[in-house]
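# Sequence and predicted structure are below.
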Amino acid sequence: MVLLKFNLALALATITLVMEVQAQSGPVSKYLALGDSYTIGESVPETGRWPNQLVVELIRRGKPFAKPVIIATTGWRTDNLKNAIEIAQLKPEYELVSLLIGVNNQYQGKSIDQYAVEFEELLKISIRLAKGKKENVFVVSIPDYGFTPFGAKSRDKISKDIERFNEINKRISNEYHLSYINITDISRKGLEDASLVAGDGLHPSEKMYSLWVQRIMSELHF
């Protein structure tokens, strides 16, 4: 019952605030979220996706943002995302761009060296789409699905792999002087608090995504 009330309140807040922003006559900022199942919010309603929740918080703090543009699909690797961005023919018009990608490279056993190459390419694309401004781009670490019912049996291996991939994306992000938000520790609460995991037993719930948003807002100082 508590989670149901949380979902309903979140949905109503999202709809109300976005409608208010759309009704404004002044300039509204654009946000582009790039990623995979975690960004598209597999197994949660649209309002529960963390990019949508982030926009709600930005609006609450006096930052007028439109509904986020999300380029993400469950199962995408870095190469899939890069191809999708090229097909979408996006313009460099975003005041904010986020990038969270890599779990499927790990899950599908792809080369970590190739991940490094493709992740850096995606960072360059993200900066270009953010009007060339590095301060408009932030990277989110890969969650650890070893701390879910789905991944619990292979938790040690999954966690070690995720750490290696996160070492890569953090290092490259730092080299480009981009904001890097670590939410992996939050994802590791999934086995101790079932409400943080979606009904599929694998992906985060909107409640966990709200914790990510709190971390993002605190570290980016919006």
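In hand now; what should we look at?

# Give me the nearest residue to Glu206, chain neighbours excluded.
Take Glu206 and drop its neighbours on the chain: the residue closest to it by C-beta to C-beta, 6 or more residues apart in numbering is Gly48, 2.9 Å away. Using the backbone N, CA and C atoms, a C-beta is placed for each residue, glycine as well.

# mind checking pLDDT for that neighbour?
For Gly48, the model assigns a pLDDT of 98.

# Does it touch Gly41 like I think?
Yes. Taking contacts as C-beta atoms under 8 Å, Gly48 lies within contact range of Gly41: 5.9 Å.

# which residues are common contacts for those two?
Common neighbours of Gly48 and Gly41 (criterion: C-beta atoms under 8 Å, 6 or more residues apart in numbering): Glu206, Tyr209.

# quick one: which of these two has more around it?
Between Gly48 and Gly41, counted using other C-beta atoms under 10 Å, Gly41 has the larger neighbour count: 27 against 23.

# pLDDT value on Pro27, please?
82.

# Residue ranges in this protein under the pLDDT threshold?
Applying pLDDT under 70 to the chain picks out residues 1-25.

# if we go to 90?
1-27, 221-222 (pLDDT under 90).

# Give me the helices and strands touching the helix or strand that contains Asn80, please.
For Asn80, the host element (DSSP states H and E) is helix 78-88. Here helix 78-88 touches strand 31-35, strand 69-72, helix 112-129, going by 3 or more C-beta pairs under 8 Å, 6 or more residues apart in numbering; DSSP states H and E.

# Can you lay out these as TSV showing distance to Val140?
Output for the helices and strands packed on helix 78-88, formatted as TSV (distance: least, C-beta to C-beta, whole Å):
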stretch	distance to Val140
strand 31-35	8
strand 69-72	12
helix 112-129	12
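
# Could you dump these into TSV and include mean neighbour count and distance to Gly102?
Formatted as TSV, these follow (neighbours: other C-beta atoms under 10 Å; distance: least, C-beta to C-beta, whole Å):
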stretch	mean neighbour count	distance to Gly102
strand 31-35	25	9
strand 69-72	19	13
helix 112-129	18	6
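
# among the ones you listed, which is nearest Val56?
strand 31-35 (11.5 Å; C-beta to C-beta).
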